[in-house]
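>>> Let me see the structure of the following:
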Amino acid sequence: MLRRRTRRAEAADPLDAAQEDRVRAVLSLGGVPHGDLQDGVQQVRLRLLERAARGDEAPRDVSAWAAVVASNLAMDWHRTRRRQERLGERLASLRQEQPAQDGAESRVLSLAVAQGLDELPDTQRQVVVLRFYADLPVRAIAEELGIPEGTVKSRLHTAVRMLRARLREGEVV
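Numbering: from 1, shown residues only. The predicted structure follows:
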């Protein structure tokens, strides 16, 4: 019984070994680190399965389609890395601009912010995290979530106001 399921799962795999090798090569040439290659292959496989699940027509040349998707994933990987580097630089510059905080004071503030985020509704927490932690612009957040920019701005405004009130209430700031 177990063997039958394994065979079916293998038969349903949308990428054969040669296509998987090609995807891995495209990702590698695109600068994706060796440790992330298998995740990239799985992302390509997932996108192909999602395409089939939506009922979209299968690509004429799965190998070429998979290579293009892998190339896009490599670009996304670089964009994410650059965004994280910029966020790190911004955080470092903020640390330099502000007077050195006592370690305990900094931990209290971090804990209060984390608790405040936990208390926000999911939709507000999501936009706060995407805006301030992932450093995405409002337009990108709106596109990713499929909501108007005004809704993103409104949720951000409300969430920040609630966080400020929470921090004042706890006498953290």
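>>> What is the helix or strand where residue 157 lies packed up against?
If you go by DSSP states H and E, residue 157 is part of helix 149-169. Judged by 3 or more CB pairs under 8 Å, 6 or more residues apart in numbering; DSSP states H and E, the packing partners of helix 149-169 are helix 103-119, helix 122-128, helix 138-145. (Glycine included, C-beta is placed from N, CA and C.)
>>> any idea of the mean pLDDT in that helix?
The average of the pLDDT scores along helix 149-169 is 90.
>>> Alpha carbons only: can I get it in PDB?
Extracted in PDB, the C-alpha atoms of helix 149-169 (Å, rounded to 0.1, in the frame of the first residue of the first chain):
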ATOM      1  CA  GLU A 149      -2.900  51.900  -1.000                       C
ATOM      2  CA  GLY A 150      -5.300  53.900   1.100                       C
ATOM      3  CA  THR A 151      -6.300  50.900   3.100                       C
ATOM      4  CA  VAL A 152      -2.600  50.100   3.800                       C
ATOM      5  CA  LYS A 153      -2.100  53.700   5.000                       C
ATOM      6  CA  SER A 154      -5.200  53.600   7.100                       C
ATOM      7  CA  ARG A 155      -4.200  50.300   8.800                       C
ATOM      8  CA  LEU A 156      -0.600  51.600   9.400                       C
ATOM      9  CA  HIS A 157      -1.900  54.800  10.900                       C
ATOM     10  CA  THR A 158      -4.300  53.000  13.200                       C
ATOM     11  CA  ALA A 159      -1.700  50.400  14.200                       C
ATOM     12  CA  VAL A 160       1.000  53.000  15.000                       C
ATOM     13  CA  ARG A 161      -1.500  55.000  17.000                       C
ATOM     14  CA  MET A 162      -2.400  51.900  19.000                       C
ATOM     15  CA  LEU A 163       1.200  51.000  19.500                       C
ATOM     16  CA  ARG A 164       2.100  54.500  20.700                       C
ATOM     17  CA  ALA A 165      -0.800  54.400  23.200                       C
ATOM     18  CA  ARG A 166       0.300  51.000  24.400                       C
ATOM     19  CA  LEU A 167       3.800  52.200  25.000                       C
ATOM     20  CA  ARG A 168       2.600  55.300  26.800                       C
ATOM     21  CA  GLU A 169       0.200  53.300  28.900                       C
END
